[in-house]
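Peer 1: okay, here's the prediction I keep looking at, along with the sequence it came from:
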Amino acid sequence: MNMPRTFHEAKAALASGKTTVVDMTRAALAEARARADLNIFPELFEESALAKASEVDAKIAEGTAGALAGAIISIKDNLCYAGHRVSTSSRMLEGYVSPYSATVVERVIAADAVIIGRTNCDEFAMGSSNETSVFGPVGNPLDPARVPGGSSGGAAASVAAGICHIALASDTGGSIRQPASFCGVVGFKPTYGRVSRHGLIAFASSFDQIGPLAHDSRDIDSVYRVIAGPDERDNTSSHKPFPTSAPETGKLSIGYYHQCLEHPGMDPEIKAHVEGWIERLRSEGHIVEPVELSMADLFVPTYYILSTAEASSNLARFDGIRYGHRTKDAKGVEETYRRSRTEGFGPEVQRRILLGTFVLSAGFYDAYYAQGMRVRRIIRDNTLQALSRCDVLLTPTCPSTAFAKGQISDPVSMYLQDIFTVQANLAGVPAISLPTGTHGNGLPFGIQLMAKPFHDERLLAYAREVFST
Ligand code: GLN
């Protein structure tokens with residue numbers, strides 16, 4: 001076997017001489033090609049991956065290899081990698097080659113990971129099914145007729161299909177956690193500010209966060225330690241010191257939202273699974289208490305008002321003149337803008353730009369954007385208050401398992417996919433989806449845990465020790 005499933009198994013296989021990084025990279029590239037039907041990779045970075053792999057093998061032989069030597073990684077198609085194409089799965093950025101690397105990309109390469117390619121995603125990371133991509137939908141490796149979730153559908157599928165050990169992706173309202181739940185892998189959104197966003201093509205800057213997906217929390221922890229930490233190129237990145245001792249994982253105090261479980265869209269088997277966990281955790285001696293979830297009905301509307309406002313501003317630069325696709329034969333500036341943007345952006349991105357521009361417009365700013373900001377503050381305060389009384393908050397990650405491609409065509413129903421995940425982005429807290437369940441329909445689903453800001457290390461330790469993931 002030349003492709004161990006996890007990075008920690010890969011490290012052991014390398015140490016015992018059973019494989020090499022070049023072997024694993026070749027195997028990963030071959031597997032990615034063999035599963036071309038899933039449409040995970042718009043592009044494989046074959047040449048740079050193999051060059052890096054032989055460099056890492058040489059470093060291993062010399063004893064100078066970095067912390068991620070042996071890790072085979074994919075990057076979402078919205079993370080810049082110098083000299084490589086990045087398009088955020090949009091026609092707008094077709095053919096664009098990034099002149100610089102995202103900080104996370106720089107850091108994983110410096111730690112000797114091999115990046116094998118860029119993964120398909122919803123256009124500009126807007127979506128929950130990977131169906132808005134200019135490259136077309138991704139198949140869920142567990143059932144290719146179903147979606148892998150979104151927007152990081154290719155990222156989750158690259159891990160679930162056994163092609164990569166780790167995927168780097170972004171999460172603005174659930175884009176790491178919901179695909180992790182649909183594909184049966186772990187997905188982690190760190191605290192806002194813990195991981196630099198430099199080199200992530202922005203969607204909604206006050207929500208966006210880069211994080212990893214992997215088969216288990218141990219691999220998530222390995223990559224988190226490499227990518228986390230301050231960065232002078234992102235002034236929202238935090239300088240808060242890291243914990244110096246290993247987190248304690250004795251008996252926890254766990255809050256759960258009763259209302260989530262009573263939600264009308266909740267799948268009964270997922271509900272029963274979460275209730276089963278609540279009983280099990282109690283019987284293991286943890287304190288598990290219901291927590292009041294105030295304003296839950298406002299989470300999704302607040303997220304969609306504020307994130308579209310930020311998107312309309314972030315995406316204004318793609319006008320065919322400063323950045324992005326330029327239409328042919330337009331007359332004058334206005335026609336160039338209009339036609340370039342109409343041709344370059346797909347319907348979902350256009351819908352969000354229109355919505356965001358509307359909520360920021362002079363006559364409606366106070367009623368929507370300013371009000372949304374006030375509500376966000378209250379949601380954040382309530383979330384932090386709930387977290388001040390417990391170590392973690394537990395919810396299902398999603399109300400259902402992966403749905404069929406083409407099944408959800410109404411945008412509002414698609415937005416409601418984010419019902420349990422947007423709270424962590426509104427509040428800036430760390431959150432993780434753990435693959436704890438398998439449904440009677442054979443598909444996986446996850447439990448989500450949220451923790452206090454900057455308790456990322458503890459959250460990963462709980463995931464590993466208490467939830468055995
Ligand atoms: N599904 C959400 C949306 O469409 C979240 C996307 C994300 O986290 N990038 O906005």
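Peer 2: Perfect, thanks for sending it.

Peer 1: enumerate the residues of this structure near the ligand.
Peer 2: Contact residues, the chain versus the ligand (CB under 6 Å from any ligand atom): 125-128, 151, 171-175, 203, 307, 418. The C-beta positions use only the backbone N, C-alpha and C, and glycine is treated the same way.

Peer 1: wait, what's in contact with Ile379?
Peer 2: Met295, Leu298, Phe299, Thr302, Gln423, Leu426, Ala427 (CB atoms under 8 Å, 6 or more residues apart in numbering).

Peer 1: confidence score at the fifth one?
Peer 2: What it means is Gln423. pLDDT recorded at Gln423 is 97.

Peer 1: what does the host helix or strand of Ala51 rub up against?
Peer 2: Ala51 is part of helix 46-62 when elements are defined by DSSP states H and E. Outside helix 46-62, the residues that touch it by CB under 8 Å, 6+ apart are 14, 20-22, 24-26, 28-29, 65-66, 69-70, 83-84, 109, 112, 114-117.

Peer 1: just flag the most distant two among the contacts of Ile379.
Peer 2: Leu298 and Ala427 (12.8 Å; CB to CB).

Peer 1: which one's more surrounded, those two?
Peer 2: More crowded of Leu298 and Ala427, by other CB atoms under 10 Å: Ala427, with 23 against 16.

Peer 1: now the more buried one: phi and psi?
Peer 2: phi -90, psi -10 (degrees, to the nearest 10).

Peer 1: surely it touches Ile378?
Peer 2: No: counting by CB atoms under 8 Å, Ala427 stays clear of Ile378, with 10.4 Å between them.

Peer 1: tell me the contacts of Gly442?
Peer 2: Contacts of Gly442 by CB under 8 Å, 6+ apart are Leu142, Asp143.

Peer 1: Ala370 and the ligand: what is the separation?
Peer 2: Between Ala370 and the ligand the distance is 21 Å, computed by CB to the nearest ligand atom, to the nearest Å.

Peer 1: also Met24?
Peer 2: 30 Å.

Peer 1: one more: Phe345?
Peer 2: 15 Å.

Peer 1: check Val291 too.
Peer 2: From Val291 over to the ligand (counting by CB to the nearest ligand atom), the distance is 24 Å.

Peer 1: and the closest residue to that residue other than its chain neighbours, what does it touch?
Peer 2: Spatial nearest neighbour of Val291, excluding adjacent residues (CB to CB, 6 or more residues apart in numbering): Gly255 at 3.7 Å. When contacts are counted by CB under 8 Å, 6+ apart, Gly255 touches Val288, Glu289, Pro290, Val291, Ala386, Leu387, Arg389, Cys390, Val392, Leu393, Leu394.

Peer 1: ok, of the residues you listed, which come out buried?
Peer 2: Among the contacts of Gly255, those scoring as buried are Val288, Val291, Ala386, Leu387, Cys390, Val392, Leu393, Leu394 (criterion: 16 or more other CB atoms under 10 Å).

Peer 1: among those residues, which pair sits farthest apart?
Peer 2: Val288 and Leu387 (14.8 Å).

Peer 1: make TSV out of the residues of the chain next to the ligand and add pLDDT and neighbour count.
Peer 2: Shown next, in TSV, are these (pLDDT from 0 to 100; neighbours: other CB atoms under 10 Å):
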residue	pLDDT	neighbour count
Ala125	98	30
Met126	98	30
Gly127	97	27
Ser128	97	28
Ser151	98	35
Asp171	98	29
Thr172	98	28
Gly173	98	29
Gly174	98	32
Ser175	98	36
Phe203	98	26
Ser307	98	27
Asp418	92	23
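
Peer 1: let's see which of these end up in strands.
Peer 2: Asp171 (DSSP state E).

Peer 1: next one: stretch 268-281 to chain centre, how far?
Peer 2: 25 Å (CA atoms, centre = their mean, to the nearest Å).

Peer 1: got a list of contacts for it?
Peer 2: 252, 254, 256, 261, 288, 394-396, 398-401, 436-437, 439-440, 445, 447, 466.

Peer 1: quick check on those: which are buried?
Peer 2: Going by neighbour count (16+ other CB under 10 Å), the contacts of stretch 268-281 have 252, 254, 256, 261, 288, 394-396, 398-401, 436-437, 445, 447, 466 buried.

Peer 1: so where's the protein shaky on pLDDT?
Peer 2: 1-2 (pLDDT under 70).

Peer 1: list the contacts of the most centrally placed residue in it.
Peer 2: Nearest residue to the geometric centre of the chain (CA atoms, centre = their mean): Ile176, 2.4 Å. Counting by CB under 8 Å, 6+ apart, Ile176 makes contact with Ser152, Ala155, Ala156, Ala169, Ser170, Gly187, Phe188, Lys189, Gly211, Pro212, Leu213, Ser433.

Peer 1: same thing with Ala370?
Peer 2: Taking CB under 8 Å, 6+ apart, one finds nothing in contact with Ala370.

Peer 1: for it, give me phi and psi.
Peer 2: phi -60, psi -40.

Peer 1: roughly how far does Gly332 sit from Glu284?
Peer 2: Using CB to CB, to the nearest Å, we find Gly332 at a distance of 69 Å from Glu284.

Peer 1: so Asp456 sits against Pro190, correct?
Peer 2: Yes: using CB under 8 Å, Asp456 is in contact with Pro190, at 5.2 Å.

Peer 1: correct me, but Lys405 touches Asp143?
Peer 2: No: at 10.0 Å, Lys405 does not count as touching Asp143 under the criterion of CB under 8 Å.

Peer 1: in helices, which of the residues of the chain next to the ligand fall?
Peer 2: Mapping these onto helices (DSSP state H) picks out Ser307.

Peer 1: report the buried residues of stretch 266-284.
Peer 2: Of the residues in stretch 266-284, those buried by neighbour count under the rule 16+ other CB under 10 Å are Met266, Asp267, Glu269, Ile270, Lys271, His273, Val274, Trp277, Ile278, Leu281.

Peer 1: do stretch 225-239 as well
Peer 2: So stretch 225-239, judged by 16+ other CB under 10 Å, has buried residues Arg225, Val226, Ile227, Ala228, Gly229, Asp231, Asp234, Ser237, Ser238.

Peer 1: so where do the helices sit in the stretch 251-400 of the chain?
Peer 2: 258-262, 268-283, 299-314, 332-344, 347-360, 371-388 (DSSP state H, counting those that start in this stretch).

Peer 1: typo on my end, it should be the stretch 101-250 of the chain
Peer 2: 103-110, 153-160, 177-183, 217-227.

Peer 1: how far is the first one from where the chain is centred?
Peer 2: The one in question is helix 103-110. Using CA atoms, centre = their mean, the offset of helix 103-110 from its chain centre is 17 Å.
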